[in-house]
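A.B. asks: Based on what follows, work out the 3D shape:
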Amino acid sequence: MKTKNILSVIAIVGTFIIGVFSIQFYLSHQHNLSKPKESSAKTYLREQVISDRLGKVIPGKSYETINFKPEDSLTNIGNWVIKNQKLSTTGVYAPIAGIYSIEDETPKIYYPESKITFNISENEVNQIYSGMHFKYEVLANSTIKNTASVKDISTIPVDSSTSIAQYKVTSGTLDQDHLDLHKVKFGQHVNVKLLSNNLLLPQKDIHNDQTITVRIKNTWKKVHVTILDYINNNAVIKSTDQLHAGLEIKN
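C.D. replies: Next comes the predicted model:
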């Protein structure tokens, strides 16, 4: 009899405990459902794009092979050649590896490097400077993209036939790691986005004390920012040694 009573008490206590845990679980679940869901989208500091235009891939330097005539050539225009490859029936060998071409009856080999060129108007020329960065993306293949910098800006207009003068801008040399000429041909067009030294972020992510919370080396830090302008719902801020494009911002 005593054993039966003890078992009954144990059963009652067990049922009570299970009931309490069930209620706690239910309340906790309902509380989580009522909480507003946090956005999983992350926000990052971005470069400010100040201009968007069409550019073109052009050759870098070339090596002229003037010791034979085009009709003696053993390779076709546009083919890649390797160093010491035989180029002609007259026994001329390639002094470098690169892209074979014939221009003005002169055989030449382009080094495996390129440049990007584009025009800017007289209204924009004062905003462009040597060393200024820009992003480029090949129009025919949007997976081919990278960043380059301005090397030269012409001082004489390249097109004065229109009412607004146009000036030629040329990038620095791009090697195969920056623009693979096995995948891109000279003359192909690219979309160019000129970048300022400033950064862009949502205006709402700037605190009242003019700081932002940013992840630096896996640690969240509050950093003061200098606001230069507002564009739509974004703020333009000055880049610093601490702040650069790609850093995550806490919303």
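
A.B. asks: going forward, measure contacts between C-alpha atoms and count neighbours the same way
C.D. replies: Noted.

A.B. asks: From the chain's centroid, how far away is stretch 134-141?
C.D. replies: Stretch 134-141 has its average C-alpha position 10 Å from the chain's average C-alpha position, going by Cα atoms, centre = their mean, to the nearest Å.

A.B. asks: Identify each buried residue in that stretch, please.
C.D. replies: Within stretch 134-141, the residues that qualify as buried are F134, K135, Y136, E137, V138, L139, counting by 16 or more other Cα atoms under 10 Å.

A.B. asks: neighbouring contacts of it?
C.D. replies: Contacts with stretch 134-141, where a contact means Cα atoms under 8 Å, 6 or more residues apart in numbering, come from 143-150, 188-195.

A.B. asks: Buried members of those into PyMOL, please.
C.D. replies: The PyMOL selection below is limited to those of these classed as buried (16+ other Cα under 10 Å):
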select buried, resi 144+145+147+148+149+150+189+190+191+192+193+194+195
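
A.B. asks: quick one: which of the contacts of stretch 134-141 sit in strands?
C.D. replies: Residues from the contacts of stretch 134-141 lying in strands, with DSSP state E as the criterion: 145-150, 189-195.

A.B. asks: Including pLDDT, could the residues you listed go into a markdown table?
C.D. replies: What follows is those, written out as a markdown table (pLDDT from 0 to 100):
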| residue | pLDDT |
| --- | --- |
| K145 | 96 |
| N146 | 96 |
| T147 | 94 |
| A148 | 96 |
| S149 | 96 |
| V150 | 96 |
| H189 | 98 |
| V190 | 98 |
| N191 | 97 |
| V192 | 97 |
| K193 | 95 |
| L194 | 93 |
| L195 | 90 |
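
A.B. asks: Between the buried residues of stretch 134-141, which sits nearest G246?
C.D. replies: G246 has its nearest neighbour among the buried residues of stretch 134-141 in K135, at 14.4 Å by Cα to Cα.

A.B. asks: and the closest residue to I249 other than its chain neighbours, how many neighbours?
C.D. replies: Residue nearest to I249 in three dimensions, not counting chain neighbours: V214, with 4.5 Å by Cα to Cα, 6 or more residues apart in numbering. Neighbour count for V214, taken as other Cα atoms under 10 Å: 23.
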